[in-house]
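Colleague: missing the sequence, but the structure's below:
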């Protein structure tokens with residue numbers, strides 16, 4: 001089962017797909033695609049890969065155990081514990097990567113997956129109904145982080161000060177029939 005797909009802008013491979021206990025590195029060969037399996041080796045365990053991001057030829061994936069896996073070509077080169085539970089979202093940004101976890105953490109990483117900054121939605125006011133982060137991004141020029149939760153809240157966080165603004169509160173479960 002495929003859970004993510006992302007293009008690779010440089011290097012031997014053109015596309016990476018991943019999911020349940022597998023990662024495939026794809027090359028375009030004429031009018032066809034050829035794939036190579038990812039080799040986990042001893043650096044990490046084979047497990048569901050929920051998301052992936054690329055920066056040039058670097059490929060990073062987020063795991064169900066909360067690790068970031070860094071790949072060189074199709075080989076796992078390094079594993080970093082990123083979150084206390086699954087890495088739900090991973091995006092490439094100008095300075096590296098941003099990740100969001102099921103436990104409600106958002107972390108900004110440099111291009112070598114060294115942590116730069118961390119936020120916890122549990123500390124936000126108002127608190128989200130569900131802490132799980134489902135979407136996040138970082139605008140370097142404006143120095144703001146945007147975070148979407150499983151319960152449909154969208155927050156904007158100032159990178160420097162940590163000041164939080166709630167942009168949207170939504171209905172995440174059941175149906176809304178009307179307002180009076």
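Modeller: Alright, I've got the coordinates. Remember, predicted model here, so these are calculated numbers, not experimental data.
Colleague: Can you classify the residue nearest the centre of the chain by secondary structure?
Modeller: Residue closest to the mean C-alpha point of the chain, counted by Cα atoms, centre = their mean, is residue 90 at 1.3 Å. Secondary structure assignment for residue 90 (DSSP: H, G, I helix; E, B strand; the rest coil): strand.
Colleague: how near is it to residue 131?
Modeller: 18 Å (Cβ to Cβ, to the nearest Å). The way it works is simple: take the backbone N, C-alpha and C, and place the C-beta from them, glycine included.
Colleague: just to revisit the earlier point, quick check: bridge partners of the residue nearest to the centre of the chain?
Modeller: Residue 90 has the following beta-bridge partners by DSSP bridges: residue 99.
Colleague: Quick check, pLDDT for it.
Modeller: Residue 90 is assigned 97 on the pLDDT scale.
Colleague: can you pull the contacts of it?
Modeller: With contact set as Cβ atoms under 8 Å, 6 or more residues apart in numbering, residue 90 has these partners: 51, 52, 53, 60, 61, 62, 68, 97, 98, 99, 100.
Colleague: What's the local residue count around the first one?
Modeller: The tally of other residues near residue 51 (other Cβ atoms under 10 Å) stands at 21.
Colleague: With the one 10 residues further on instead?
Modeller: Here the neighbour count serves as a burial measure; for residue 61 (other Cβ under 10 Å) it reads 28.
Colleague: didn't it look like it was pressed against residue 51?
Modeller: Yes - counting by Cβ atoms under 8 Å, residue 51 is a contact partner of residue 61 at 6.9 Å.
Colleague: Overlap in contacts, the two.
Modeller: Shared contacts of residue 61 and residue 51, counting by Cβ under 8 Å, 6+ apart, come down to 4, 90.
Colleague: on that earlier part again, just among the contacts of residue 90, which is most surrounded?
Modeller: That'd be residue 100 among the contacts of residue 90, by other Cβ under 10 Å, with 31 neighbours.
Colleague: now the closest residue to that residue other than its chain neighbours: how far from residue 149?
Modeller: Closest residue to residue 100 apart from its sequence neighbours, by Cβ to Cβ, 6 or more residues apart in numbering: residue 133 at 3.1 Å. Counting by Cβ to Cβ, the gap from residue 133 to residue 149 is 6 Å.
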